[in-house]
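# Sharing a sequence plus its predicted fold:
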Amino acid sequence: MNVIETKIKDLLILEPRVFSDERGWFMESFNQRTFEQALEAHQLATPVFVQDNHSLSHKGVLRGLHYQLNPRAQGKLVRVVQGKAWDVAVDIRQGSKTFGQWVGVELSDENMRLFWIPAGFAHGFIALEDNTQFLYKTTDYYSKESERSLLWSDPELAIEWPIDSNTQLTVHAKDQEALTLAQAMATQSLF
Ligand SMILES: Cc1cn([C@H]2C[C@H](O)[C@@H](COP(=O)(O)OP(=O)(O)O[C@H]3O[C@@H](C)C(=O)[C@@H](O)[C@H]3O)O2)c(=O)[nH]c1=O
C-alpha cells in the first residue's frame, strides 16, 4: 500500500496495491495490520472501526461538512467504489496548528484511493459523476444528537470546490443551514 502525506499531518491518502490479470483485478480494500502500520509510521493513533456506511449520490450532490461531537466523534476511512468525488476534510480542533485548514482529494473508482480522516475533522464531498457510491468505515456509531454540520461555502474556510456556473448543485436543507466556523466556535460546537 502506498501512503501519501498531505499538508495536514493527521490526514493520509492510501493507495492499495491492485493486482490486475486477464480476469480483472483484485485488491485488499482494507487490511487492519497494513492500516495500523501506515498510521504508526506517522505517529498516529490506530482506531477501531465499528460501522460501515454506503451512500449513493447523483452528480452535483454535495454532502457535508459533517462531524459528531465528543464523546461520539468519528474517524472515517472513506473511498469511492463507483464514480468520482472531491472529498474534503477540515481541521476543527481548536488549538491545532492547522485549525480551519482543509485538504481536498479526488476519490474515484479509477484511482481507488482511501482517505483517512481522524476524529476532530469535519468531512464532506461533492459527487462529480452520477451514481457515485461512497463506502466508508467509522470509529464510532452514528449519533443524531451529536451530529453537526459546518457550512460548506463558509468564506473563512474558502474550500475550492470543483464547481462552476454549469454545476447543478444539490445541498440538503440541513447542510444549507449549517454554521460557519466562527458561529460554531461561538457556540462551542467544535473540538
Ligand atoms: C450518517 C448516518 C445516517 N443515517 C440516517 C439518518 C438519515 O435519515 C439518513 C441520511 O443521513 P444523512 O443525511 O446524515 O446522510 P449524509 O449526508 O450522507 O451524512 C454523511 O455525510 C458524510 C459527508 C459524512 O461524513 C458522514 O459521516 C455522514 O454525516 O440516514 C443513519 O441511520 N446512520 C448513519 O450513520
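Everything's here; your move.
# Could you pull out the helices in this structure for me?
32-41, 173-176, 181-186 (DSSP state H).
# Figure out which of those is closest to the ligand.
Closest to the ligand of those is helix 173-176 (C-beta to the nearest ligand atom; 6.7 Å). Quick note: C-beta positions are derived from backbone N, CA and C, even for glycine.
# In TSV: the helices of the chain, plus mean pLDDT.
Converted to TSV, those look like this (pLDDT from 0 to 100):
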stretch	mean pLDDT
helix 32-41	96
helix 173-176	96
helix 181-186	94
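# Quick one: those as CSV, columns for mean neighbour count too.
Below are those laid out as CSV (neighbours: other C-beta atoms under 10 Å):
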stretch, mean neighbour count
helix 32-41, 14
helix 173-176, 12
helix 181-186, 15
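# among the ones you listed, which is nearest Ala122?
Evaluated with C-beta to C-beta, these place helix 181-186 nearest to Ala122, the distance being 8.9 Å.
# Please enumerate residues in contact with the closest one?
Helix 181-186 is contacted from outside by Ile92, Gln94, Gly100, Arg148, Leu150, Leu151, Asp154, Glu156, Leu157, Leu190, using C-beta atoms under 8 Å, 6 or more residues apart in numbering.
# Spell out which residues belonging to the protein are near the ligand, please.
Asn53, Ser55, Arg63, Gly64, His66, Lys76, His123, Gly124, Phe125, Tyr142, His172 (C-beta under 6 Å from any ligand atom).
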